[in-house]
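J.: kindly return the folded structure for what I paste below:
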Amino acid sequence: MDINLPAVLAEVTLQCERYERALVGNDVAVLDALFWRSPLTLRYGATENLYGYDAICDFRAGRPALGLARTVLKTVITTYGHDFATANLEFQRIGSDRAGRQSQTWLRTADGWRVVAAHVSLLAPAAG
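T.: This next block holds a predicted model:
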């Protein structure tokens, strides 16, 4: 299997960057568009478990648009062949002492690259 083919890695990186801009800018239309329109899509958030595209969209539509700014600390994107990828990043919300983690599974579909599974979690505050 071909890992991190340059052209495929560039495609997925572009979509991950698009997702990040939409997330911190609360561009719900772009966020919704980047998830696979399927009842099989899932997103585990820091406080919610969402099963299916519709549940993910409903959550985003009702989520407050405050406190979304964050700093990405580390990103690891790995592509597998031409149609599958994972993206994992560490982040810290502005004004928070907690680091977070985000992982996404991306699949090339007929509509382009889409997130088929995602997970967000927060670490406990650093001891100090």
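
J.: could you list the buried residues of the helix or strand harbouring residue 9?
T.: Using DSSP states H and E, residue 9 falls within helix 6-24. Neighbour counts over helix 6-24 (16 or more other Cβ atoms under 10 Å) mark 8, 11-12, 15-16, 18-20, 22-24 as buried. Heads up, the C-betas are built off the backbone N, CA and C, glycines and all.

J.: and the closest residue to residue 109 other than its chain neighbours, how far is that from residue 5?
T.: Distances taken as Cβ to Cβ, 6 or more residues apart in numbering put residue 36 closest to residue 109, at 6.2 Å, once the chain neighbours are dropped. Noted for residue 36: a distance of 22 Å to residue 5, by Cβ to Cβ, to the nearest Å.

J.: which of the two has more residues huddled nearby?
T.: Applying other Cβ atoms under 10 Å to residue 36 and residue 5 shows that residue 36 carries more neighbours, namely 20 against 13.

J.: was I right to think the more buried one contacts residue 105?
T.: No: the pair residue 36 / residue 105 is not scored as a contact, 9.6 Å apart, by Cβ atoms under 8 Å.
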